[in-house]
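[1] Using only what follows, build the 3D model:
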Amino acid sequence: MQLTFHDVTLTFETDAAVFSPHGLDRGTAAMLEAAHLPAEGAFLDLGCGFGFVATFLAKTHPAAQLTAVDVDPDAVRLTQANAAANGVAVRTLVSDGWGQLNGQTFAAVLSNPPYHTDFKVAKGFIEGAHQHLQTGGKLYMVTKRRTWYENKIRSTFGFVQVTEQDGYFVFYAEKRPHRSVAKPNQHGLSKKLARKEAKRHQHANRH
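    Numbers count the residues shown, from 1 in each chain. This is a model prediction of the structure:
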């Protein structure tokens, strides 16, 4: 089938057993609409399905290096074939989440996770994204649910931006430098706790 998005027409083979077999789903389209990516760098399509995201980004960001992973070997096979059919290079791996990506870092991670199951997979996707993103790297994730994802991404990254489009929620976060932690004093207390302790002693001495 031929799919056109942002005036880019690509050819894809799909399969009934792979996510979004009838073409580009609205959630993925919403995520790509929201994504502002650098011209180059390593991008990851996490849970790639038949490979639309990886193939489209490889076509529109020729200086980037695309990797696509999925737990389903058929999805990875289709992604590899679709990238080749459209004349782009995409590195593909069969991987249960981050399992085959140890030690690799990315400038951007994009994911439309299997959110109709429990949150175990999504939790691993989000926590792994923070570990595998370079400082300043971007996470874009799309789901039909908001609260859990918003809270989880905020607690993991310290920041999240949410946009709603076409019935989907697109979450954006970036990996920021570690905040400096207050050094403990000689008693092992932070300055804030030390001040509280001093006030407590002062109050006790008055009585």
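
[2] What lies in contact with stretch 91-106?
    Residues from elsewhere that reach stretch 91-106 (C-beta atoms under 8 Å, 6 or more residues apart in numbering): 41-44, 46, 48, 51, 54, 65-73, 76, 79-80, 83, 121, 124-125, 128, 131-134, 137. Every residue, glycine included, has its C-beta placed from N, CA and C.

[3] domains for this protein, by residue range?
    2-176, 180-207 (automatic domain parsing).

[4] Which of these comes out lowest on mean pLDDT?
    Looking at those, the lowest mean pLDDT belongs to domain 180-207 (a mean of 51).

[5] Which residues does the longest strand along the chain contact?
    In the chain, with assignment by DSSP state E, the single longest strand is strand 133-143. If you take C-beta under 8 Å, 6+ apart as the criterion, strand 133-143 is touched by 27-28, 30-31, 34-37, 41, 105-113, 115, 122, 125-126, 129-130, 149, 153, 157, 168-177.

[6] about what we covered before: just put the domains of the chain in a markdown table and tack on mean neighbour count.
    Formatted as a markdown table, the domains of the chain follow (neighbours: other C-beta atoms under 10 Å):
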| stretch | mean neighbour count |
| --- | --- |
| domain 2-176 | 18 |
| domain 180-207 | 10 |
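
[7] which residues of the chain fall in helices?
    For the chain, the helices defined by DSSP state H cover 26-34, 52-60, 73-85, 120-132, 147-157, 191-206.
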